[in-house]
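Q: Quick one, structure for this:
(one chain, ligands or ions: 1)
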Amino acid sequence: MYNVLFVGSEATPFIKTGGLADVIGSLPKAINETGDAEVSVILPLYRDIKETWRKDMQTIASVEVSLGWRQHQANLLTYVFEGVRFYFIENDFYFGRDGIYGYMDDGERFVFFNKAVLECLPHLYQQPDVLHAHDWHAALSVALLKTFQSAPSIKTVLTIHNLKFQGKMEHDAFFDLINLPPKHFSGFEWDGMVNCLKAGLFHADHITTVSPSYAEEIKTSYFGEGLDPILLERANDLSGILNGIDTESYNSATDDALYTHFQYHPTLKQANKRFIQEKFGLPVRDDVPLYAVISRLTEQKGFHLLTRVASEFLEQDVQLVVLGTGESRFEHDFTQIAEANPTKMVTKLMFDEQVARQLYAAADFFIMPSKFEPCGLAQLIALQYKTAPIVRETGGLKDTVQPFNEYDGSGNGFCFSNYNAHDLLNVLRYSFDVYHDCNRFSKLYDNLTGHSFTWFTSAKSYVDVYKSLCRAESYELVL
Ligand code: ADP
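A: The predicted structure is shown next:
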């Protein structure tokens with residue numbers, strides 16, 4: 001049995017801005033169920049973590065963390081949720097603020113978090129055999145552990161959930177904070193800046209990313225976000241393990257957020273559609289296809305394409321609901337298009353878990369035309385709620401959505417490959433035709449119910465990574 005410590009910046013049910021939280025919140029349980037590893041998780045204790053959770057947390061230690069010439073205190077708290085032990089780093093100066101990210105001093109905040117994690121290691125209930133960090137916010141824990149650990153007994157894994165975000169900082173400020181001797185600088189630098197993700201990629205014993213296709217893509221300059229040379233260098237230690245979702249939580253037969261539970265029967269799904277139409281002031285009709293977007297409204301998600309062709313698409317007898325927040329240009333464009341088409345489109349600029357679940361359950365089609373997509377969980381959740389995804393063939397979308405083939409009846413969604421607005425429009429129009437043909441639509445609907453993206457296989461793949469690292473270690477010791 002291997003003890004593994006996940007280090008990350010968000011996890012359901014405590015705090016969430018996106019798919020990273022879904023993964024860190026659900027993967028540990030799945031790995032623990034294999035019986036071969038025991039995962040616990042360490043996160044910052046943000047102010048937005050609700051009192052319902054805080055009131056039952058237990059403080060187990062208090063440590064000093066040095067940042068340059070300053071000393072900060074961090075409290076270590078713990079709480080067990082659904083059998084998984086969570087640890088929290090408490091420091092009001094860095095985390096007693098609204099939200100999670102987006103502060104000028106995010107670099108310093110996460111340097112503090114990573115240093116605090118290492119200070120807290122001796123106080124954890126179980127010493128980790130493997131420290132498994134997620135994304136740039138946690139990557140320094142790997143780099144610092146490898147740099148300063150006297151005996152290399154803890155193995156390290158870094159998972160890339162999104163290569164675009166790297167945690168870049170100016171040299172002087174960073175090296176002061178971290179007290180790093182100059183001989184180690186090169187492992188932390190990239191392209192004239194300190195780069196936290198690069199530091200993790202350079203030092204980790206193994207690197208994973210969240211789908212096999214993205215693992216290949218990021219070794220190219222188009223997807224590599226400037227880090228492709230180092231990913232190529234480390235290609236032998238890089239693997240793509242497809243994300244799953246918590247199919248107990250995202251379960252249309254039991255989800256309490258839904259208006260009506262349903263499993264396979266389209267009529268019960270229709271009741272959820274009527275509920276959303278009424279809730280958002282759209283005409284309540286069964287015979288009109290309802291398209292949904294639930295997303296961060298950012299360039300990554302391909303919304304240049306959708307905003308470009310949405311008005312043309314809305315000339316057809318369709319409904320579209322957009323739920324999301326993000327870049328103001330997309331918030332503005334989606335709001336304007338909805339205002340121009342009040343009986344067909346609604347834009348809700350908010351992040352709301354309950355509404356999101358209701359919308360996944362209500363929609364017939366889910367639009368996700370991403371420019372790049374490491375894995376994507378939204379299309380997997382849509383499939384759980386029997387909603388056909390319409391995606392661009394990239395990264396994890398390519399690995400999880402197969403185009404509907406009306407001749408042999410295979411496929412669970414609609415796909416297009418070029419990053420081109422009219423290719424998206426064509427595929428939207430094709431989905432509209434399929435919706436209005438009972439034969440074709442019922443074939444497609446059957447395919448939506450066939451497969452669940454559970455963590456089962458992927459959890460075993462992570463355990464295999466831990467095993468191979470720890471076995472290599474014992475082999476080295478014997479030699
Ligand atoms: P990313 O992590 O890149 O944002 P993913 O598809 O991996 O994209 O995961 C997004 C997660 O965030 C999903 O669980 C999705 O349902 C959720 N989500 C996105 N936007 C919203 C929103 N406006 N309200 C509620 N949940 C949202």
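
Q: Next, count neighbours for residue 77.
A: If you count neighbours by other C-beta atoms under 10 Å, residue 77 ends up with 17. Where C-beta positions appear, they are placed from N, C-alpha and C, glycine not excepted.

Q: Secondary structure class of it, three-state.
A: Here residue 77 is recorded as strand under DSSP: H, G, I helix; E, B strand; the rest coil.

Q: Stretch 418-426: which residues count as buried?
A: For stretch 418-426, the neighbour count (16 or more other C-beta atoms under 10 Å) marks 419, 421, 423-425 as buried.

Q: which element is the closest residue to residue 284 other than its chain neighbours on?
A: In this structure, residue 284 finds its nearest non-sequential neighbour in residue 277, 4.6 Å apart by C-beta to C-beta, 6 or more residues apart in numbering. Under the criterion of DSSP states H and E, residue 277 resides in helix 266-279.

Q: same deal with residue 423?
A: Applying DSSP H and E, one finds residue 423 within helix 421-435.

Q: Is residue 61 in contact with residue 76, as I believe?
A: Yes - between residue 61 and residue 76 there is a contact at 4.3 Å, judged by C-beta atoms under 8 Å.

Q: shared neighbours of those two, anything?
A: Shared contacts of residue 61 and residue 76 (C-beta atoms under 8 Å, 6 or more residues apart in numbering): 120, 123.

Q: Neighbour count: the two, which is higher?
A: Counted by other C-beta under 10 Å, residue 61 and residue 76 do not tie: residue 76 has more neighbours, with 22 against 15.

Q: separation between the more buried one and the ligand?
A: 27 Å (C-beta to the nearest ligand atom, to the nearest Å).

Q: can you pull the contacts of that residue?
A: For residue 76, the contact set (C-beta under 8 Å, 6+ apart) comprises 59-63, 87-90, 120, 123.

Q: are any of those buried, and which?
A: Buried members of those, counted by 16+ other C-beta under 10 Å: 63, 87-90, 120.

Q: Include pLDDT and distance to the ligand when you put these into a markdown table, please.
A: Output for the buried ones among the contacts of residue 76, formatted as a markdown table (pLDDT from 0 to 100; distance: C-beta to the nearest ligand atom, whole Å):
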| residue | pLDDT | distance to the ligand |
| --- | --- | --- |
| 63 | 98 | 31 |
| 87 | 98 | 23 |
| 88 | 98 | 22 |
| 89 | 98 | 22 |
| 90 | 98 | 26 |
| 120 | 97 | 27 |
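
Q: which residues in the stretch 201-350 of the chain form strands?
A: Per DSSP state E, counting those that start in this stretch, the stretch 201-350 of the chain carries strands over the ranges 206-209, 238-240, 290-297, 319-326, 345-348.

Q: Now tabulate those strands in TSV and tack on mean pLDDT and mean neighbour count.
A: Output for those, formatted as TSV (pLDDT from 0 to 100; neighbours: other C-beta atoms under 10 Å):
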stretch	mean pLDDT	mean neighbour count
strand 206-209	98	24
strand 238-240	98	20
strand 290-297	98	24
strand 319-326	98	23
strand 345-348	98	22
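
Q: hang on, the earlier thing: the helix holding residue 423: what's the following helix or strand?
A: Using DSSP H and E, the helix or strand that follows helix 421-435 towards the C-terminus is helix 438-448.

Q: Quick one: list the elements packing against that next one.
A: Secondary-structure packing of helix 438-448 (3 or more C-beta pairs under 8 Å, 6 or more residues apart in numbering; DSSP states H and E): strand 388-392, helix 421-435.

Q: same thing but at 7 Å, please
A: Applying 3 or more C-beta pairs under 7 Å, 6 or more residues apart in numbering; DSSP states H and E, one finds that helix 438-448 contacts helix 421-435.

Q: so for the helix it packs on, what's the average pLDDT?
A: Helix 421-435 comes out with an average pLDDT of 98.

Q: Pull up the residues of this structure that are close to the ligand.
A: 18-20, 22, 294-296, 323-325, 351-353, 356, 376-378, 381 (C-beta under 6 Å from any ligand atom).

Q: Apply 8 Å and report the result again.
A: Proximity of the chain to the ligand (C-beta under 8 Å from any ligand atom) is limited to residues 16-23, 161-162, 243, 294-296, 300-301, 323-325, 348, 350-353, 355-357, 360, 368, 373-381.

Q: Narrow the residues you listed to those that are buried.
A: With burial judged by 16+ other C-beta under 10 Å, the buried subset of the residues of the chain next to the ligand is 16-17, 19-23, 161-162, 243, 294-296, 300-301, 323-325, 348, 351, 355-357, 360, 368, 373-381.

Q: Report how far apart the opening and closing residues of stretch 12-28 are.
A: 11 Å (C-alpha to C-alpha, to the nearest Å).

Q: Identify all contacting residues around that stretch.
A: Here stretch 12-28 makes contact (C-beta atoms under 7 Å, 6 or more residues apart in numbering) with 6, 8, 10-11, 39, 41, 43, 46, 48-49, 53, 84, 100, 134-135, 161, 243, 245-246, 296, 377, 455, 459.

Q: Got a quick PyMOL command for the buried subset of these?
A: To isolate the buried ones among those in PyMOL, judged by 16+ other C-beta under 10 Å, type:
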select buried, resi 6+8+10+11+39+41+43+46+49+53+84+100+134+135+161+243+245+246+296+377+455+459
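
Q: Which ones among the contacts of stretch 12-28 map onto strands?
A: Taking DSSP state E as the definition of strands, the contacts of stretch 12-28 contribute 6, 39, 41, 43, 84, 134, 296.

Q: For the first one, give the beta-bridge partners.
A: Okay, so that is residue 6. For residue 6, the beta-bridge partners under DSSP bridges are residue 41, residue 132.

Q: my read: it touches residue 132, true?
A: Yes - with contact defined as C-beta atoms under 7 Å, residue 6 reaches residue 132; the gap is 5.3 Å.

Q: Would you agree residue 367 falls within a strand?
A: Yes - with three-state DSSP as the criterion, residue 367 is part of a strand.

Q: which ones are touching it?
A: 291, 293, 306, 390.

Q: likewise residue 286?
A: Residue 286 makes contact with residue 270, according to C-beta under 7 Å, 6+ apart.

Q: so what are the domain limits for the protein?
A: Domain assignment of the chain by automatic domain parsing yields the ranges 2-244+456-478, 266-448.
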